[in-house]
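*Asks:* coords please:
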Amino acid sequence: MTITIQQIEEAAKRLNGVASRTPLQLSHRLSQLYDAKVYIKREDLQDVRSFKIRGGYNKIASLTDEEKKRGVVAASTGNHAQGIAYSCSSLKIKGVIFMPTVTPNQKIAKVKHFGGEYAEIRLIGNTFDEAIEASQQYCQEKNAIYVHPFDDPLIIAGQGTIGKEIYEKLEGNVDFVISPIGGGGLVSGISSYIIQKNPQCKFYGVEAAGAASMENSLKEEKIVSLGSFDTFVDGAAVNKVGTLAFELCKKYLEKVLVVDVGKVCTTMIELYQQDGIIAEPAGALSISALDEIKDAIKGKTVVCILSGGNNDILRYPEIMEKSLTYKGLKHYFLVEFAQKPGQLKQFLNQALGPTDDIVLFEYIKRNAKENGPALIGIELARKEDLQALIDNMKQLELHFTKISTNDPLYSFVL
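*Replies:* Got it, this is the predicted structure:
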């Protein structure tokens, strides 16, 4: 259960002129914020806007002539698909790519763009695991070559070329590396190279809350399936991690950090507004975890892997919503109003603070009833203002319920 330096060096030779040697960018903002030297490995600047080109191309380019004639099959939530499509087009090999029906349209369009006549897309299932099951069945029927997104030595070695670039750029002087985890191929490849070169370097993997398949597996000391899981961080949401990746993560990872999806969204917005970087949710995972280890990294050299930048612009309203909710600045209430004149005016004048803003108000007057519920969304200037709002509603003797993010009604307002 080892990926060798030689395997990664061979992958780097195959990828020469295909995958970009992406920038290792010193972030002055993050370095100042965490009192450390924080670098961002910009895999979002690949032609396919993610690291997936590395493993996918390394695998396909390694096939024999007979295997290439049989064609390849893959399953993906988007980024792996783009890497496979690009590789198929470059190597003139036919590929069939299975993607969940919930895959953002931007990623589907990109796969078509990179693959051209060499890549056929099939949309099936609501999750990656449903797509992967269908793809494996199809592969057996057609006797094609399966290109797994993460559980393959050639895939992991290809991703490991990122570690080679980091190590060479910093001349081995790196203390911490933080990487997102989906199936585990990325962090396994990078850590395999760097830790064999520099055993003192500490590696942290990062998963989103609600999709922590690697953390759960490491805790149980065996690979476990999540069953149901949150697919918002779609590039790093899998039901079950890879067998080889699991063994390598047991060997090399210091710890798996789990971050709230709202924190990931906040990081995405900060990267865009302050650094001009468009990161997808999985791409922002590593940076969103810095708060979790801020004491440990003081004065150290840290590398965060920004794994991809394929984010659909249509997702930004939801990203903003999740960020504001996470920061305690947006709240929803069901408020019972007496059905008589002046009730809303009283609420506006006596319940709301001077900087509170109503962003949602749903109410239908029912003439046959004394009271009627209103669904109200309120955005605050400071999270500390929430208690004053609640106190004011109690003083007005309003009957209200604060809607939590776990309430089914929350998914309606979102």
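
*Asks:* mind listing the helices for the stretch 151-300 of the chain?
*Replies:* Here the stretch 151-300 of the chain has its helices, by DSSP state H, counting those that start in this stretch, at 153-169, 185-197, 213-220, 243-252, 261-275, 281-288.

*Asks:* Counting by contacts, list what the second one packs against.
*Replies:* This means helix 185-197. Under the contact criterion of 3 or more Cβ pairs under 8 Å, 6 or more residues apart in numbering; DSSP states H and E, helix 185-197 touches helix 5-15, helix 153-169, strand 176-180, strand 202-208, helix 243-252, strand 301-306. All C-beta spots, glycine's among them, are computed from the backbone N, C-alpha and C.

*Asks:* mind checking how far the nearest residue to I124 once chain neighbours are set aside is from I60?
*Replies:* Nearest non-adjacent residue to I124, counting by Cβ to Cβ, 6 or more residues apart in numbering: A134, 4.8 Å away. Using Cβ to Cβ, to the nearest Å, one gets 20 Å for the distance from A134 to I60.

*Asks:* contacting residues for the nearest residue to P149 once chain neighbours are set aside?
*Replies:* Residue nearest to P149 in three dimensions, not counting chain neighbours: H80, with 4.1 Å by Cβ to Cβ, 6+ apart. H80 makes contacts with 52, 56, 74, 149, as judged by Cβ atoms under 8 Å, 6 or more residues apart in numbering.

*Asks:* Among those residues, which pair sits farthest apart?
*Replies:* Farthest pair in those (Cβ to Cβ) is K52 and A74. Separation: 10.0 Å.

*Asks:* Name all residues that sit in contact with those two at the same time.
*Replies:* 80, 84, 149.

*Asks:* Among these, name the ones in strands.
*Replies:* Using DSSP state E, no member of the shared contacts of K52 and A74 falls within strands.

*Asks:* Let's have the residues you listed in TSV, adding distance to E292 and pLDDT.
*Replies:* Formatted as TSV, the shared contacts of K52 and A74 follow (distance: Cβ to Cβ, whole Å; pLDDT from 0 to 100):
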residue	distance to E292	pLDDT
H80	27	92
I84	33	97
P149	26	92
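
*Asks:* ok, back up a step: just the helices of the stretch 151-300 of the chain: most buried one?
*Replies:* Across the helices of the stretch 151-300 of the chain, averaging neighbours per residue (mean count of other Cβ atoms under 10 Å) puts helix 281-288 on top, at a mean of 30.

*Asks:* elements contacting that one?
*Replies:* Judged by 3+ Cβ pairs under 8 Å, 6+ apart, the packing partners of helix 281-288 are strand 176-180, strand 202-208, helix 261-275, strand 301-306.

*Asks:* and the angle for that helix with helix 185-197?
*Replies:* Angle, helix 281-288 to helix 185-197, by axes from the mean of the first three to the mean of the last three Cα atoms, to 10 degrees: 40 degrees.

*Asks:* For helix 281-288, output the C-alpha coordinates as PDB.
*Replies:* This file holds the C-alpha atoms of helix 281-288, laid out as PDB (Å, rounded to 0.1, in the frame of the first residue of the first chain):
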ATOM      1  CA  PRO A 281     -16.700  24.600  -2.600                       C
ATOM      2  CA  ALA A 282     -14.300  21.600  -2.500                       C
ATOM      3  CA  GLY A 283     -11.500  24.000  -3.600                       C
ATOM      4  CA  ALA A 284     -12.100  26.200  -0.600                       C
ATOM      5  CA  LEU A 285     -12.000  23.400   1.900                       C
ATOM      6  CA  SER A 286      -8.300  23.600   2.800                       C
ATOM      7  CA  ILE A 287      -8.300  27.300   3.400                       C
ATOM      8  CA  SER A 288     -11.600  27.200   5.400                       C
END
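
*Asks:* Quick check: end-to-end length of stretch 60-68?
*Replies:* 8 Å (Cα to Cα, to the nearest Å).

*Asks:* List the buried residues of it.
*Replies:* Neighbour-count burial for stretch 60-68 flags 60-61, 63, 68 (criterion: 16 or more other Cβ atoms under 10 Å).

*Asks:* got a list of contacts for that stretch?
*Replies:* Around stretch 60-68, the neighbours that count as contacts under Cβ under 8 Å, 6+ apart are 14, 72, 84, 87-88, 91, 93, 145, 147, 154.

*Asks:* Alright, I will stop here.
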